[in-house]
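*Asks:* fold the stuff below for me.
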Amino acid sequence: MVGVSARSLDDEDGVTLTQFRSLVLLDRPDPVNLVTLAGLLDVGASTAQRMVERLVRRGLAARDRHPDNGREVVLRLTPAGEALVGRVVARRRRALGAIARRLPQETRSVFVEALDAFSEAAGEPAVVDRDDVLWDL
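*Replies:* Below you'll find the predicted structure:
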């Protein structure tokens, strides 16, 4: 799984797995502040801050005022960050689909069901289009 994830980032010009995980965690409707992001990543606030700085400099994330509390700063994806998450998730699903197609027919549905549960538990972006190659077995 790590290999599939790492290869899905190959064309993204130096985005690390941890940076990508941060982008995925920011790809949600509710506001996320730095402390929350650090907790979700299980890293210290200073480590999260350095990573966010890199993502902001690359134009993948941005800081905004919290809509309900103007003193709090929250993080969000930029359109470029959203596009990157979409590309990487699509590549990863295509790779997993290729693996699934090599499994015996009777194992595929169990594999896909397990991947769905794993993705949900990991907080991965929801599958919007069930015609995606992973589910078109």
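
*Asks:* all contacts plus neighbour counts: C-alpha atoms, from now on.
*Replies:* Noted.

*Asks:* surely V85 touches R21?
*Replies:* No. Using CA atoms under 8 Å, V85 makes no contact with R21, being 9.3 Å away.

*Asks:* neighbour-wise, which of the two wins?
*Replies:* Using other CA atoms under 10 Å, the more surrounded residue of V85 and R21 is V85, with 21 against 17.

*Asks:* give me the element the residue sitting nearest the centre point of the chain is part of.
*Replies:* The chain has V24 as the residue nearest its centroid, 2.8 Å off, counting by CA atoms, centre = their mean. Take DSSP states H and E as the rule and V24 turns out to sit in helix 17-26.

*Asks:* now the following helix or strand past that helix, how far from the chain's geometric center?
*Replies:* Remark: after helix 17-26, the chain's next helix or strand is helix 34-41, criterion DSSP H and E. Chain-centre distance of helix 34-41: 14 Å, with CA atoms, centre = their mean, to the nearest Å.

*Asks:* in the following helix or strand past helix 34-41, what's buried?
*Replies:* Toward the C-terminus, helix 34-41 is succeeded by helix 45-57 as the next helix or strand (DSSP H and E). By neighbour count with 16 or more other CA atoms under 10 Å, helix 45-57 contains the buried residues A45, A48, M51, V52, L55, V56.

*Asks:* and the helix or strand of the chain with the lowest mean pLDDT, what other elements does it pack with?
*Replies:* In the chain, the helix or strand scored least confidently by mean pLDDT, DSSP states H and E is helix 2-8, which has a mean of 80. Counting contacts by 3 or more CA pairs under 8 Å, 6 or more residues apart in numbering; DSSP states H and E, helix 2-8 packs against helix 79-102.

*Asks:* helices or strands next to the helix it packs on in the packing?
*Replies:* helix 2-8, helix 17-26, helix 105-122.

*Asks:* got those helices as a markdown table, with distance to G97 columns?
*Replies:* A markdown table is the format used below for the helices and strands packed on helix 79-102 (distance: least, CA to CA, whole Å):
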| stretch | distance to G97 |
| --- | --- |
| helix 2-8 | 11 |
| helix 17-26 | 20 |
| helix 105-122 | 9 |
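
*Asks:* pick the most buried one from the ones you listed.
*Replies:* Among these, ranked by average contacts under mean count of other CA atoms under 10 Å, first place goes to helix 17-26 (a mean of 19).
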